[in-house]
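Participant: Sequence first, predicted coordinates after that:
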Amino acid sequence: MTQIHPTAVVDPAARLHESVVVGPYTIVGPHVEIGAGTTIGPHCVIEGHTTIGRDNRIWQFCSLGSDPQDKKYAGEPTRLEIGDGNTFREFCTVSTGTVQDEGVTRIGDDNWIMAYVHVAHDCRIGSHTIMANVTTLAGHVRVGDWAILGGLTGVHQFSRVGAHAMAGFASRIAQDVPPFVMVAGNPCEAHGFNQEGLKRRGFGPERILAVKQMYRALYRKGLTLEAARAEIETLRAEHPEAEADIAMMLDFLASAGRGIVR
């Protein structure tokens, strides 16, 4: 049977797998669905139209599925969707979406989300990311797979952080951070590419060389963004094994509506 502490308040309409654990004084609302193996600590509030997958660990004092902090929000039944195997440490807050976007805030799988992190309405978080303590994402932010955001980092609304990118401690991200790039500072500046992270994820020497050449085109040759994109395009013929990495970079740059950190 579901292990619900006697002091917890779980709405009868909530759908919890029989293996879910709910800690003392936690509140679970009527429109919540929680998958197998998920553990919720004490004093949490899980509300709204929220779906949480398997094997998540939600520590004490988290608030998931609350109304968006958007003055335009008028009570529409927007959603929060969380995948599998995520960790939410103490005092994390995640809001549902708004109808001004797609109406959903979405978090993927195997994310490590540390204490006091805020994920605002309509954010899309990929999988295998790390967000250190007090990272704050404004509305409509996109974070790609394997990205790492250092503690006290703030991300401006509608900004994007590409896959495998990394932001240092207390970074102010107000433009898009391309995939693989390491940034830091206020204002944010590029400081190389995430070579060590790519090695740990199994990137071979040729793929890493292609990423290095993309980084040089964007940041070391004094090229305009259009010229850098054209040079990156030529790398397809030189590095066929890195085709997916090059395509990801080109797609990201082509849709950089706020410009990129440069």
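Facilitator: On my side now, so go ahead.
Participant: Assumed E233 was part of a strand.
Facilitator: No: applying DSSP: H, G, I helix; E, B strand; the rest coil, one finds E233 to be helix, outside a strand.
Participant: what's it in contact with, if anything?
Facilitator: Contacts for E233 (CB atoms under 8 Å, 6 or more residues apart in numbering) come out as I246, L250. Where you see a C-beta, it was placed from the backbone N, CA and C, and this is true even at glycine.
Participant: what sits against the most centrally placed residue in the chain?
Facilitator: Taking CA atoms, centre = their mean as the criterion, I125 is the residue nearest the geometric centre of the chain, at 2.8 Å. Contacts for I125 were tallied using CB under 8 Å, 6+ apart; they are R106, I107, G108, N111, V119, L137, V143.
Participant: and if you look at A36?
Facilitator: The contact partners of A36, taken as CB under 8 Å, 6+ apart, are H17, E18, S19, V20, R54, D55.
Participant: ok, of the residues you listed, which one's closest to T153?
Facilitator: Lowest distance from T153 to the contacts of A36 (CB to CB) belongs to D55, with 26.7 Å.
Participant: Next one, pLDDT for the residue nearest to the centre of the chain please.
Facilitator: According to the predicted model, the pLDDT of I125 comes to 99.
Participant: residue ranges with poor pLDDT in the stretch 1-150 of the chain?
Facilitator: Applying pLDDT under 70 to the stretch 1-150 of the chain flags the ranges 1.
Participant: hmm, which two among the contacts of A36 are most spread apart?
Facilitator: Spanning the widest gap among the contacts of A36 are E18 and D55, at 14.3 Å by CB to CB.
Participant: between these two, who's got more neighbours?
Facilitator: Neighbour count, other CB atoms under 10 Å: between E18 and D55, D55 has more, with 17 against 8.
Participant: Hmm, the more buried one is touching V21, no?
Facilitator: No: assessed by CB atoms under 8 Å, D55 is found out of contact with V21, at 11.5 Å.
Participant: Can you check which residues contact both of the two?
Facilitator: In contact with both D55 and V21: T38, using CB under 8 Å, 6+ apart.
Participant: residues near E238, how many?
Facilitator: For E238, using other CB under 10 Å, the count is 12.
Participant: one step back: return the subset of the contacts of A36 lying in strands.
Facilitator: Under the assignment DSSP state E, these contribute nothing to strands.
Participant: Let me have those in a markdown table, adding distance to E76 as columns.
Facilitator: As requested, the contacts of A36 are exported to a markdown table (distance: CB to CB, whole Å):
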| residue | distance to E76 |
| --- | --- |
| H17 | 28 |
| E18 | 32 |
| S19 | 32 |
| V20 | 27 |
| R54 | 28 |
| D55 | 30 |
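Participant: List phi and psi for M166.
Facilitator: Note on M166: its backbone torsions stand at phi -150, psi 130 [degrees, to the nearest 10].
Participant: contacting residues around it?
Facilitator: Listed by CB under 8 Å, 6+ apart, the contact set of M166 reads A147, I148, L149, G150, V181, M182, V183, N194, G197.
Participant: Then A115?
Facilitator: Here A115 is in contact with W59, R89, E90, F91, C92, N133, V134 (criterion: CB under 8 Å, 6+ apart).
Participant: Does the helix or strand hosting E243 pack against any helices or strands, and if so which?
Facilitator: Counting by DSSP states H and E, the element that carries E243 is helix 243-254. For helix 243-254, the elements it packs on are helix 205-219, helix 225-238, judged by 3 or more CB pairs under 8 Å, 6 or more residues apart in numbering; DSSP states H and E.
Participant: Any chance of CSV for those, columns mean pLDDT and distance to D11?
Facilitator: Converted to CSV, the helices and strands packed on helix 243-254 look like this (pLDDT from 0 to 100; distance: least, CB to CB, whole Å):
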stretch, mean pLDDT, distance to D11
helix 205-219, 98, 48
helix 225-238, 98, 51
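Participant: rewinding a little: so which of the contacts of A115 wins on neighbours?
Facilitator: Of all the contacts of A115, C92 has the most neighbours under the rule other CB under 10 Å, reaching 23 neighbours.
Participant: Please tell me how far it sits from S66.
Facilitator: Using CB to CB, to the nearest Å, C92 is found at 11 Å from S66.
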